[in-house]
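# What would the 3D arrangement of this be:
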Amino acid sequence: MSFLAQIEECNRWAAGDFIPFIVEGEQLGMARREFAEALDSLSDLGEALLLDQFALQWVSAPSGFAARTEAMQRLCDELIAGGLISHRHGEQYPVTPSRREDARFLIDRACAPYFGVRAFGQHLNGFVRRPDGLWMWIARRAADRRVYPNRLDNMVAGGLPWGISLAENVRKECAEEAGMPEHLADRAVPVGAITYCRASKRGLKPDVMYCYDLELPADFEPQCQDGEVAGFELMPIDRVAEIVDNTDAFKLNCNLVIIDFLVRHGVLTPEHPDYLEIVQRLRSLA
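Okay, here's the model as predicted:
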């Protein structure tokens with residue numbers, strides 16, 4: 001792998017494999033063709049979801065945010081019962097053509113990729129400044145995680161469900177994943193957003209990650225409270241960069257968050273032959 005290869009891997013998808021997911025004439029996602037065809041074959045869903053050569057349309061979507069959310073929940077329950085969707089996560093995500101605030105209705109987090117709707121998350125770089133340079137806290141995901149078990153991860157990272165502010169969710173994730181007190185979590189500095197679009201087994205993930213830097217005191221040691229992290233290691237930033245550049249040890253999208261940190265802190269410099277392409281491609285979606 002390389003820095004650029006990590007970004008490319010997070011943006012690996014073939015447009016021809018997907019068709020637009022349309023609600024009232026508005027594109028809200030991209031469904032895998034095989035999934036759309038399977039939906040079309042279910043006679044009891046024929047009045048709800050219509051497949052043509054151009055799009056998968058939710059033709060029976062009711063009006064109103066709450067009614068549409070309830071209808072999507074029932075629809076997903078049917079698809080889970082029918083084996084077309086694997087499971088329900090239990091967190092509600094906004095279905096939006098652009099910003100999180102412009103949500104048209106809600107969908108369960110685990111169901112979102114099947115319809116290719118945009119998902120939002122937050123990732124935090126926890127680092128320590130020492131006389132010999134920057135050191136970064138790296139988490140190792142627990143062995144029982146459904147996605148990327150045992151892989152390396154950002155110190156704090158999680159999805160951004162509906163009904164909670166960005167600041168509140170940062171506090172919650174910092175407390176759950178790192179045992180961090182609120183006053184310390186509130187020092188996290190928002191430093192931008194990274195976007196990518198990647199095909200997965202479940203569908204398409206055109207995701208947005210809000211990124212934060214948090215300079216930590218030397219005596220702070222993260223302690224996971226929710227079982228999602230097996231442990232933490234404080235690494236010199238050059239070692240972190242080497243792992244990202246030469247291995248696939250990290251959960252895939254975490255590589256992008258670290259690469260962005262390396263650029264902003266002058267570790268990855270314009271002398272790198274892929275510098276401009278790396279910087280441009282960290283924001284692959286509008």
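# In the stretch 101-250 of the chain, where is pLDDT below threshold?
Along the stretch 101-250 of the chain, no part satisfies pLDDT under 70.
# Going along the chain from the longest helix anywhere in the chain, find the next helix or strand for me.
Across the chain, the longest stretch assigned as helix under DSSP state H is helix 65-81. Per DSSP states H and E, the first helix or strand lying C-terminal to helix 65-81 is strand 92-95.
# Okay, buried residues for the longest helix of the chain please.
For helix 65-81, the buried set under the neighbour-count rule, 16 or more other Cβ atoms under 10 Å, comprises 68-69, 71-73, 75-76, 78-80. All C-beta spots, glycine's among them, are computed from the backbone N, C-alpha and C.
# helices or strands up against that helix?
Where contact means 3 or more Cβ pairs under 8 Å, 6 or more residues apart in numbering; DSSP states H and E, helix 65-81 is packed against strand 105-108.
# Distance from the chain centre to the strand it packs on, please.
Taking the mean of its C-alpha atoms, strand 105-108 sits 16 Å from the chain's own mean (Cα atoms, centre = their mean, to the nearest Å).
# List the strands paired with it, with their directions.
Sheet partners assigned to strand 105-108 using DSSP bridges are listed as strand 92-95 (antiparallel).
# tell me the mean pLDDT over the strand it pairs with?
Throughout strand 92-95, pLDDT has a mean value of 96.
# May I have it exported as PDB, CA atoms only?
Backbone C-alpha positions of strand 92-95 (Å, rounded to 0.1, in the frame of the first residue of the first chain) are rendered in PDB as follows:
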ATOM      1  CA  GLN A  92     -31.000   6.300  13.000                       C
ATOM      2  CA  TYR A  93     -29.200   8.100  10.300                       C
ATOM      3  CA  PRO A  94     -30.400  11.000   8.100                       C
ATOM      4  CA  VAL A  95     -31.200  10.400   4.500                       C
END
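# how far is the longest helix of the chain from where the chain is centred?
22 Å.
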